[in-house]
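[1] Sharing a model prediction with you, sequence too.
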Amino acid sequence: MSRRTQRVNELLRQEMSRVIQVELRDPRLHSLISITYVDTSEDLRYAKVHVSVLGDTSQKDEALHGLDSAAGYIRKELGVVLPLRYIPSLTFVLDESLERGEAIQRAINSVVDDEALSLGKEPTDDPSSSHDRQDGQS
């Protein structure tokens with residue numbers, strides 16, 4: 001991926017986030033929606049927009065349908081603010097990497113807590129705390 005494509009991807013991500021949060025009034029988009037990344041074709045004509053939606057499966061489906069419906073409006077708004085010759089055609093896809101990462105973190109915490117219980121220690125509720133650091137630092 002070229003440096004220009006990377007810059008355009010980031011610019012698109014930032015501006016689409018702003019448009020979705022500030023300008024769209026679709027009731028299907030009431031969930032927390034984050035654009036995790038944008039993957040633009042080399043000719044900058046097509047963009048696959050990866051979104052993360054907080055909620056259950058039906059809320060995620062509603063949000064994707066709402067974004068698909070608003071794609072034309074989002075493109076129009078991007079055309080106003082971005083200095084690009086062509087505004088890419090937008091395709092929204094659900095990015096579940098955040099949920100997978102959270103599930104992995106829960107599994108790790110469970111193993112650590114089980115190990116702590118087997119050693120007679122109190123399990124921790126704070127996932128950011130460090131466990132059994134050897135260097136004495138916290």
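    Looks like it arrived, so ask away. This structure is a prediction, so every number in the text was calculated from the model and none was measured.

[2] so how many other residues sit close to the residue nearest to A70 when sequence neighbours are not counted?
    Closest residue to A70 apart from its sequence neighbours, by C-beta to C-beta, 6 or more residues apart in numbering: L24 at 5.6 Å. No exception for glycine: its C-beta is placed from N, CA and C like everyone else's. If you count neighbours by other C-beta atoms under 10 Å, L24 ends up with 17.

[3] same for the stretch of helix or strand E99 belongs to, what does it pack against?
    Using DSSP states H and E, E99 falls within helix 97-118. Secondary-structure packing of helix 97-118 (3 or more C-beta pairs under 8 Å, 6 or more residues apart in numbering; DSSP states H and E): strand 46-53.

[4] helices and strands around the strand it packs on, which ones?
    Strand 46-53 makes packing contacts with helix 3-18, strand 33-40, helix 57-81, strand 89-94, helix 97-118 when contacts are defined by 3+ C-beta pairs under 8 Å, 6+ apart.

[5] check contacts around S89.
    45-47, 71, 75 (C-beta atoms under 8 Å, 6 or more residues apart in numbering).

[6] between those, which has the most around it?
    A47 (22 neighbours).

[7] doesn't Y37 make contact with it?
    No: A47 lies out of contact with Y37 (C-beta atoms under 8 Å); the separation is 10.4 Å.

[8] Look up the residues that both of these two are in contact with.
    N9.

[9] distance between stretch 74-94 and the chain's centre?
    18 Å (C-alpha atoms, centre = their mean, to the nearest Å).

[10] How is this structure partitioned into domains?
    Here the domain parsing of the chain from automatic domain parsing is 3-95, 97-131+134-138.

[11] Return the per-residue confidence for the residue sitting furthest away from the middle of the chain.
    In terms of distance from the mean C-alpha position of the chain, G120 ranks first, at 38.8 Å (C-alpha atoms, centre = their mean). Looking at G120, its pLDDT reads 75.
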